[in-house]
Each structure stands twice: as C-alpha cells, then as structure tokens.
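Below is the sequence, then the predicted model.
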Amino acid sequence: MAKAPTRSANRKTPSRAKGPKGPRSSLGIGLITAGGTLGLFLIAALIALWAVYWGPGPKAEGGAEATIVTLPSGAGVPAIAANLKAAGVIRSTDLFRAAISLRGVDRKIRAGEYEMPSGASLSKVVSILAEGKSVRHYVTLPEGWSSAQAVDILMRQPVLTGEVTEVPDEGTLWPETYEVTRGESRQAVIDRMQRMATQKLETLWATRSRNTIARTPQEAVILASIVEKETGADGERQEVAAVFTNRLRLGMRLESDPTIIYGITKGKPLGRGIRLSEIRADTPWNTYVISGLPPTPIANPGEEALKAVLNPPRSEYLFFVADGTGGHVFARTYQEHLLNVARWRDVERRRAAIENGLPVDALTSGEAGPRILTPEQIPAGAQVIRVPEEQR
C-alpha cells in the first residue's frame with residue numbers, strides 16, 4: 001500500500017516578514033534626518049532673525065549716546081536706508097527695507113531729524129521712524145526785541161547755517177516761536193519772520209478803529225514798537241497806547257525813554273541809566289527832542305501792542321510813570337504826574353539804600369534831616385498820625 005506523501009523535514013517553512021530592511025528602510029531614515037536638519041535650520045534662522053531685528057544694533061561713533069540722522073524731504077525708502085547705513089545706524093539696507101515693508105510703514109516715514117540711541121535695534125529704528133519721533137528745534141523772537149537782537153539769537157543757534165549779512169529793517173520781523181530744521185539757513189528764518197510780519201500787519205490793519213492816530217501801517221508799527229518797549233504787561237498796553245494817542249492829538253511830545261536809548265544803541269541794551277545829556281541829545285528817535293513819531297520803529301512789536309495802537313481805548317490820561325511793582329501809574333494832569341514821579345523816586349531811593357546796606361527811612365530823601373510832606377504829597381491811602389499843635 002502506498003504511503004501518503006509526507007512534508008520533507010529539510011524543507012523550510014517561510015516565516016512572517018518582520019519588516020523591510022532594504023532600500024525602503026534607508027529612505028525613511030533619510031527623511032527623518034532631512035526633517036531634523038530643516039528644523040535645526042529654521043531654528044537657526046529664527047535666532048538669526050531675532051538677533052538682527054531685535055538684537056543690539058551698531059554703537060554710535062566716539063562713544064556718543066545717540067546718532068543724529070537727517071532724512072531729506074521727498075526721500076524714498078532706498079535713500080532713507082542708505083542714509084541710515086552711512087550714519088552707522090543699521091548694518092544692512094536690505095534687511096531695513098524688508099523690515100519696513102513687513103511692518104507696512106514704508107509710507108509713514110516723514111522727513112526730519114531723528115535721534116537714534118546708540119546700539120538701537122533694527123526694530124527700535126523702524127519704530128522711531130514710523131512714529132515720527134523727529135528732533136524738533138525752535139527759535140523764539142520775543143516781543144519788543146530789536147532786529148539786531150534777532151540776528152544775535154539766530155547766530156547762537158548751532159543747528160542753523162550761514163550768515164546774516166545785513167540786519168533787517170526795524171519792525172519788519174514778527175515776534176513768534178518758529179520751528180527750524182538742522183541745516184536751515186539763518187537768512188531763510190529771517191525771510192519767514194518778515195513774511196509773517198507782512199501777513200499779520202495786513203490782517204490787523206483791516207481791523208483798525210477810527211480812534212487810532214496811525215495814518216499808515218508803518219506809523220502803526222512805529223507807535224506799537226514804542227508801546228512795546230514801555231511796558232511788557234498785557235493789561236497795560238491799551239492804556240499806554242491811549243496815552244500816546246492823546247499826546248499826539250494834542251501836539252505833545254511822546255517823551256519816551258526807550259526812544260532815547262534806541263538813538264544811542266540802535267537796538268542793543270544800554271546797560272545803565274540814561275544821562276541828562278542823552279535826554280537832550282538831538283537824535284532822529286529822541287522823542288524828548290522831536291515832535292511826532294520817530295522815522296522808524298525802535299523794536300519789533302507783537303500782536304497785542306499793534307492791536308492796542310490800532311484800537312486804543314478812550315482815555316483822559318496824558319502821563320504815566322513806573323509804580324515800583326513792574327507796572328505803571330497813570331495821571332490826567334501834570335501835577336498828579338509829578339506826585340507819582342515823587343513816589344517813584346522814593347522807591348528808587350529805598351532800593352538804593354537796601355542795595356548799599358544803608359538804613360531805610362521812609363521820611364528821608366538823601367538830604368540831611370527829615371523830609372516834610374505837604375498834604376498834596378501824601379500818598380493816597382496812607383495812614384497819617386497828626387500831632388497836636390501844642391505838642392510840636
């Protein structure tokens with residue numbers, strides 16, 4: 001009987017595959033390796049980006065705390081980048097342009113002067129430009145200053161350039177605070193002051209009242225300049241203008257001390273008291289000698305002085321003198337004025353005594369013995385102790 005066939009003992013039974021060990025396995029390992037490398041590259045790139053954008057930037061030259069950069073009007077992003085690179089504020093123009101574009105501030109950058117802190121990051125530089133944090137410079141011409149003084153002010157401004165070859169005509173500059181830019185010429189600032197004065201005077205002249213004594217805009221500037229030099233108190237310009245208006249109408253001389261000084265210094269401070277010989281000096285501006293108005297202004301008046309001259313209030317005052325407190329006291333008659341002058345002289349004597357360390361006596365005037373006051377000379381409101389006749 002034939003036997004059934006049996007499985008050969010030498011025949012190997014195929015086992016279940018445990019996984020590929022050929023080309024497929026190498027590919028997987030390669031992908032993992034490449035992914036890891038890419039991840040490391042991205043991390044490195046992010047670190048580099050952080051270092052470039054948020055990390056410290058270049059230091060200012062010479063150990064300075066900041067670098068001044070001026071961006072001209074109309075400059076585009078490439079020109080701005082070049083300026084910053086040349087000034088040593090940024091390291092790369094390409095990275096700056098990329099940062100500007102990514103932040104969407106390329107159209108927000110304005111011309112001006114910018115102060116970049118030493119070591120500022122690219123992010124800080126972009127923020128300063130985007131926020132328009134430019135350095136601003138100002139020049140102020142105070143009311144009542146002469147044209148010669150205005151030139152001195154401009155010459156002391158280090159951000160301005162050039163010379164002022166000729167002092168402008170007196171009264172042609174408008175007292176104001178002006179914003180200037182680094183590199184702007186001093187003559188250009190003078191031109192701006194003159195244009196402003198022309199525009200302002202034209203506007204104010206149109207508002208004049210019938211009570212003004214000024215027949216032309218130039219006369220208004222001349223009289224306003226004298227008012228401006230007589231008082232800097234806002235509340236007094238109207239009263240001083242009224243006094244001068246009344247005096248001119250009556251044919252009286254203005255007798256203004258500042259006109260004497262201008263005839264001596266042409267707008268510079270005198271630095272001392274006026275001498276009797278100077279009061280009598282025959283100069284074109286000395287209103288103690290000449291009648292009417294001087295030939296030119298003696299300063300650059302401000303808006304309030306011009307308004308006071310063009311719209312003076314109705315008043316009976318013809319005189320005024322300092323009251324010792326920074327203001328003035330006004331009088332209708334010459335006798336009343338003399339009493340006010342006497343009070344002012346007494347204030348001057350007291351101040352001189354204090355400055356020289358001498359005792360102050362309200363009843364002495366520098367002469368030997370007490371000064372006896374008449375009833376008319378007793379200051380208004382003074383408390384008077386009257387001694388009975390029999391006790392004198």
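Thanks, I have the structure now. Just so it is clear, the structure is predicted and the values come from calculations on it, not from any experiment.

ok, then the element right after the helix or strand where Met116 lies?
Assigned by DSSP states H and E, Met116 belongs to strand 112-117. Going down the chain from strand 112-117, the next helix or strand is helix 122-130, by DSSP H and E.

what packs against that next one?
helix 23-53, helix 93-103, strand 112-117 (3 or more C-beta pairs under 8 Å, 6 or more residues apart in numbering; DSSP states H and E). Every residue, glycine included, has its C-beta placed from N, CA and C.

Direction included, what does the shortest one pair against?
Applying DSSP bridges to the sheet, strand 112-117 is found paired with strand 66-71 (antiparallel), strand 134-135 (antiparallel).

What is the three-state secondary structure of the residue nearest the centre of the chain?
The centre of the chain sits closest to Tyr138, judged by C-alpha atoms, centre = their mean, with a distance of 3.9 Å. Following DSSP: H, G, I helix; E, B strand; the rest coil, the label given to Tyr138 is strand.

Please identify the buried residues of the strand holding Met116?
By neighbour count on 16 or more other C-beta atoms under 10 Å, the buried set for strand 112-117 is Gly112, Glu113, Tyr114, Met116, Pro117.

again with stretch 58-75
Pro58, Ala60, Thr67, Val69, Thr70, Leu71, Ala75.

from the chain's centre, how far out does it sit?
In terms of C-alpha atoms, centre = their mean, to the nearest Å, the gap separating the centre of stretch 58-75 from the centre of its chain is 23 Å.

now the end-to-end length of that stretch.
Chord length of stretch 58-75, first to last residue, is 23 Å (C-alpha to C-alpha, to the nearest Å).

hang on, the earlier thing: average model confidence for the strand holding Met116?
Mean pLDDT, strand 112-117: 89.

That one to helix 122-130, inter-axis angle?
Calculated by axes from the mean of the first three to the mean of the last three C-alpha atoms, to 10 degrees, strand 112-117 forms an angle of 150 degrees with helix 122-130.

can I get the CA coordinates of strand 112-117 in PDB?
Extracted C-alpha coordinates of strand 112-117, given in PDB (Å, rounded to 0.1, in the frame of the first residue of the first chain):
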ATOM      1  CA  GLY A 112      13.100 115.300   9.600                       C
ATOM      2  CA  GLU A 113      15.900 115.000  12.100                       C
ATOM      3  CA  TYR A 114      16.000 111.800  14.100                       C
ATOM      4  CA  GLU A 115      18.000 110.900  17.200                       C
ATOM      5  CA  MET A 116      18.900 107.200  17.200                       C
ATOM      6  CA  PRO A 117      20.100 105.800  20.500                       C
END
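
ok, and what's touching stretch 194-211?
Residues outside stretch 194-211 that contact it (C-beta atoms under 8 Å, 6 or more residues apart in numbering) are 168, 171-174, 176, 214, 217, 220-221, 245, 300, 303, 306-307, 310-314.

are any of these buried, and which?
Looks like the contacts of stretch 194-211 have 168, 171-174, 176, 214, 217, 220-221, 245, 300, 303, 306-307, 310-312 buried, using 16+ other C-beta under 10 Å.

Count the neighbours of Leu338 for me.
15 (other C-beta atoms under 10 Å).

Now it: which helix or strand?
With DSSP H and E as the test, Leu338 turns up in helix 334-355.

so where is this protein shaky, pLDDT-wise?
In the predicted model of the chain, residues 1-52, 356, 358-392 satisfy pLDDT under 70.

Farthest-apart pair in the buried residues of stretch 58-75, please.
Ala60 and Ala75 (21.6 Å; C-beta to C-beta).

how about the helices in the chain?
23-53, 77-86, 93-103, 122-130, 147-155, 186-205, 217-230, 237-249, 257-265, 276-279, 303-310, 334-355 (DSSP state H).

What residues sit buried inside the fourth one?
This means helix 122-130. Leu122, Ser123, Lys124, Val125, Val126, Ile128, Leu129, Ala130.

And these, which two are furthest apart?
Leu122 and Ala130 (12.3 Å).

Give the residues shared as contacts by these two.
Counting by C-beta under 8 Å, 6+ apart, no residue touches both Leu122 and Ala130.

residues contacting the closest residue to Thr231 other than its chain neighbours?
Leaving out its chain neighbours, the residue that sits closest to Thr231 by C-beta to C-beta, 6 or more residues apart in numbering is Val240, at 5.3 Å. By C-beta under 8 Å, 6+ apart, the residues touching Val240 are Val227, Glu230, Thr231, Ala308, Phe320, His328.

again, but for Ala60
Neighbours of Ala60 in contact, by C-beta under 8 Å, 6+ apart: Ala66, Thr67, Gly88, Met116, Pro117, Ser118, Gly119.

returning to what we had before: take the helices of the chain and lay them out in a markdown table including distance to Tyr288.
What follows is the helices of the chain, written out as a markdown table (distance: least, C-beta to C-beta, whole Å):
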| stretch | distance to Tyr288 |
| --- | --- |
| helix 23-53 | 73 |
| helix 77-86 | 60 |
| helix 93-103 | 67 |
| helix 122-130 | 59 |
| helix 147-155 | 23 |
| helix 186-205 | 28 |
| helix 217-230 | 13 |
| helix 237-249 | 12 |
| helix 257-265 | 7 |
| helix 276-279 | 5 |
| helix 303-310 | 20 |
| helix 334-355 | 15 |
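
Pull the number of nearby residues for the nearest residue to Lys307 once chain neighbours are set aside.
The shortest distance from Lys307 to any non-neighbouring residue, by C-beta to C-beta, 6+ apart, is to Leu204 (6.5 Å). Residues near Leu204, counting by other C-beta under 10 Å, number 19.

Same check on the one 5 residues further on?
Here the count is done by other C-beta under 10 Å, and Ser209 has 9 residues near it.

what's the answer for Val151, then?
By other C-beta under 10 Å, the residues close to Val151 number 20.
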